[in-house]
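Undergrad: Sequence and predicted structure below; questions after.
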Amino acid sequence: MAVPRFWRNIPARYNLIGTKCLTCEKCYFPPRTTCPACRRAGKIEMHKFEGIGEVVTYTVIHSASEGFDRQTPYVLAIIRLDEGPCMTAQIVCDPNEIEIGMKVQSIFRKIAEEGPDGVICYGTKFAPKR
Amino acid sequence: MSIGITSYGVYIPRYRIKVEEIARVWGDDPENIKRGLGVCEKSVPDMDEDTATIAVEAARNAIRRNNTNPKEVGAIYVGSESHPYVVKPTATIVAEAIGATPYLTAADFEFACKAGTAAIQACMGEVAAGFIEYGMAIGSDVSQAAPGDALEYTAAAGGAAYIIGKKNLIAEIEDTFSFTTDTPDFWRREGMSYPLHGGRFTGEPAYFRHIVSATKGLMEKIDVKPGDYDFVVFHQPNGKFPIRVAKKLGFTKEQIQPGLIVPTLGNTYSASSLISLAAVLDEAEQGSRILMTSFGSGAGSDSFSMVITEGIDEMRDKAPTVQELLKGARYLDYALYAKHKGVM
Ligand SMILES: [Zn+2]
């Protein structure tokens, strides 16, 4: 990933910053600038998600792309956050531990490195809720 | 005017490796090593954890514990000897990840295992001067040891964050005192992966001389004696040194025991004395008096005297305790350990 693109996404990546429509109370992640339900009646503001959710579905990655190949096997899941929106993220747990409906919480981890001399991308992953 | 700790947070990775498993690979006698070092197992970071991620988790636990507004944190200093970048501060990553940016100052500190306590002193100065409302001092490390080196049995990973301020104190810092000399007991040159050490030289003229001098200096300065303390914390490179230095200074086993976490955690370097202090704060009561002295090779010690104030009980359970973080460990064999450490 190019450094500028990574840098622009830091608030969303580090702190799960999305948006919320004050008219219908719907939350969006990634952030949206308009509410598709309320259209022009929508009032959008920034919203920081609590980082608690549950696993909707998952897959175990055994053969990964470059940069992630040292971490196999790992779990990739779709998570429904308690505030509503779904997102795809890595779940840090044993592949035998994961199940649909499992409660998870956000954690701060290293996502990828651009080789030994490039920038390190940090961000949000999830782990089974303690 | 009193200055002190307003909150604290700790993070310990969930993986461990036992002394037996490392000894098996190098053909050492595990019982001999456990007896010699007073350490049974050590923490190991996950493959996607480093000093920055550990510092962030500890910082978030500190913010959570007393609901600090991150925008009121005017300085963040991260002490470590394993910063992920040589140039690009870990403190900026922490500041962003706790929502303290952009109106604050930040920097990384280095002083072997005492960089975190040096960061506390810097925060105390800025708070006392009225430059900032709150300062955050962090000690975080994913310690490196060359495979087969004696340090491999103890080099562990962990972090602790302390918020320093004037309001809503849970512990008032009565005073601090330091002792620093140029002593080459342990070092790592630029571009080298692993540190080197002076072997037996690391004991008397380094660890013991600096801790004893800083601690005695502090006690003389504020006119107290060992019996005035309920708890005492020293840097824990192994399970033997802190007990020996405590005895040397006239402290009892009862005073040092609650903070002695190295047998099941290992040496977390910059986080060592700070996680031990957290273990004490987890169980101290209002009025308890605590003495903490760190040690960093190179060499120096920072000693602190503090008294627990009211209000610690309500906030204690809002973030995980050290004992909770030590539970639920996952054990690795040496091959998986090497994969975690990126050695293979
Ligand atoms: Zn709406």
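TA: That came through fine.

Undergrad: how does chain A divide into domains?
TA: Structurally, chain A divides into domains by automatic domain parsing as follows: A:12-48, A:50-130.

Undergrad: Need these in CSV (columns: mean pLDDT and distance to residue B:203).
TA: C-beta here means a position set from N, CA and C on the backbone, and glycine is covered the same way. What follows is those, written out as CSV (pLDDT from 0 to 100; distance: least, C-beta to C-beta, whole Å):
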stretch, mean pLDDT, distance to residue B:203
domain A:12-48, 93, 42
domain A:50-130, 93, 36
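
Undergrad: how about the strands of the chain, start to end?
TA: Just going to use chain A. Taking DSSP state E as the criterion, chain A carries its strands at A:17-21, A:27-28, A:44-48, A:52-61, A:74-81, A:86-91, A:103-113, A:120-128.

Undergrad: you looked at the wrong chain, it should be chain B
TA: Counting by DSSP E, the segments of chain B that form strands are B:4-11, B:15-18, B:41-44, B:73-79, B:105-109, B:134-142, B:157-165, B:171-183, B:186-187, B:196-197, B:231-234, B:289-293, B:298-308, B:330-331.

Undergrad: Strand partners (parallel or antiparallel) of the fifth one?
TA: This means strand B:105-109. Strands that pair with strand B:105-109, judged by DSSP bridges, come out as strand B:73-79 (parallel).

Undergrad: I'd like the mean pLDDT over the partner strand, please.
TA: Per-residue pLDDT values over strand B:73-79 give a mean of 98.

Undergrad: what's in contact with it?
TA: Residues lying outside strand B:73-79 but in contact with it, judged by C-beta atoms under 8 Å, 6 or more residues apart in numbering or on different chains, are B:51, B:55, B:59, B:89-91, B:94-95, B:98, B:100, B:103-111, B:114-119, B:122-123, B:126, B:131-140, B:163, B:270.

Undergrad: Show me what counts as buried in that strand.
TA: B:73-79 (16 or more other C-beta atoms under 10 Å in any protein chain shown).

Undergrad: Among the residues you listed, find me the one that's closest to the ion.
TA: The ion lies nearest to residue B:73 out of those, by C-beta to the ion, at 33.7 Å.

Undergrad: what sits opposite the closest one in the beta ladder?
TA: residue B:134.

Undergrad: Including distance to the ion, could the buried residues of strand B:73-79 go into a markdown table?
TA: Rendered in a markdown table, the data for those read as follows (distance: C-beta to the ion, whole Å):
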| residue | distance to the ion |
| --- | --- |
| B:73 | 34 |
| B:74 | 37 |
| B:75 | 40 |
| B:76 | 37 |
| B:77 | 43 |
| B:78 | 41 |
| B:79 | 46 |
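
Undergrad: Among the residues you listed, list the two that are farthest apart in space.
TA: Farthest-apart pair in the buried residues of strand B:73-79 is B:74 and B:79; separation 17.7 Å (C-beta to C-beta).

Undergrad: before we move on, the earlier item: can you flag the buried ones in the contacts of strand B:73-79?
TA: In the contacts of strand B:73-79, the ones that pass as buried (16+ other C-beta under 10 Å) are B:51, B:55, B:59, B:89-91, B:94-95, B:98, B:100, B:104, B:106, B:108-109, B:111, B:114-119, B:122-123, B:126, B:132-140, B:163, B:270.

Undergrad: returning to what we had before: distance to residue A:24 for the strands of chain B - can I get that in a markdown table?
TA: Listed next are the strands of chain B as a markdown table, based on distance: least, C-beta to C-beta, whole Å:
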| stretch | distance to residue A:24 |
| --- | --- |
| strand B:4-11 | 36 |
| strand B:15-18 | 44 |
| strand B:41-44 | 46 |
| strand B:73-79 | 35 |
| strand B:105-109 | 39 |
| strand B:134-142 | 37 |
| strand B:157-165 | 38 |
| strand B:171-183 | 47 |
| strand B:186-187 | 60 |
| strand B:196-197 | 63 |
| strand B:231-234 | 53 |
| strand B:289-293 | 52 |
| strand B:298-308 | 48 |
| strand B:330-331 | 43 |
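
Undergrad: Go through the ones you listed and find the least confident stretch.
TA: Per-stretch mean pLDDT for the strands of chain B is lowest at strand B:196-197 (a mean of 82).

Undergrad: So which elements touch that strand?
TA: For strand B:196-197, the contact count by 3 or more C-beta pairs under 8 Å, 6 or more residues apart in numbering or on different chains; DSSP states H and E identifies strand B:186-187 as packing neighbours.

Undergrad: Partner strands of the strand it packs on, with direction?
TA: For strand B:186-187, the pairing partners within the sheet under DSSP bridges are strand B:196-197 (antiparallel).

Undergrad: List of residues touching the strand it pairs with?
TA: If you take C-beta under 8 Å, 6+ apart as the criterion, strand B:196-197 is touched by B:151, B:185-188, B:297.

Undergrad: Whichever of the residues you listed end up buried, select them in ChimeraX.
TA: Buried residues within the contacts of strand B:196-197, by 16+ other C-beta under 10 Å, are selected in ChimeraX with:
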select /B:151,185,186,188,297
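
Undergrad: need the domains of chain A in CSV with distance to residue B:302 and mean neighbour count, can you?
TA: Shown next, in CSV, are those (distance: least, C-beta to C-beta, whole Å; neighbours: other C-beta atoms under 10 Å in any protein chain shown):
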stretch, distance to residue B:302, mean neighbour count
domain A:12-48, 31, 15
domain A:50-130, 28, 16
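
Undergrad: okay if I get those domains as TSV plus distance to the ion?
TA: Rendered in TSV, the data for these read as follows (distance: least, C-beta to the ion, whole Å):
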stretch	distance to the ion
domain A:12-48	3
domain A:50-130	12
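
Undergrad: follow-up on the earlier one: between the strands of chain A, which gets nearest to chain B?
TA: strand A:103-113 (4.3 Å; C-beta to the nearest C-beta).

Undergrad: tell me the angle the closest one makes with strand B:4-11.
TA: 80 degrees (axes from the mean of the first three to the mean of the last three C-alpha atoms, to 10 degrees).

Undergrad: Now do strand A:103-113: everything it contacts.
TA: Judged by C-beta under 8 Å, 6+ apart, the contacts made with strand A:103-113 from elsewhere in the structure are A:1, A:13-14, A:16, A:49, A:51-55, A:67-68, A:77, A:79, A:90-92, A:119-130, B:46, B:48-50, B:52-53, B:56-57, B:60, B:97.

Undergrad: Would you pull up how far that strand lies from the middle of the chain?
TA: Computed by C-alpha atoms, centre = their mean, to the nearest Å, the separation of strand A:103-113 from the middle of its chain amounts to 8 Å.

Undergrad: That one pairs with which strands?
TA: Taking DSSP bridges as the criterion, strand A:103-113 pairs within the sheet with strand A:52-61 (antiparallel), strand A:120-128 (antiparallel).

Undergrad: could the strands of chain A go into TSV alongside distance to residue B:237?
TA: Written out in TSV, the entries for these read as follows (distance: least, C-beta to C-beta, whole Å):
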stretch	distance to residue B:237
strand A:17-21	41
strand A:27-28	48
strand A:44-48	40
strand A:52-61	38
strand A:74-81	34
strand A:86-91	35
strand A:103-113	27
strand A:120-128	29
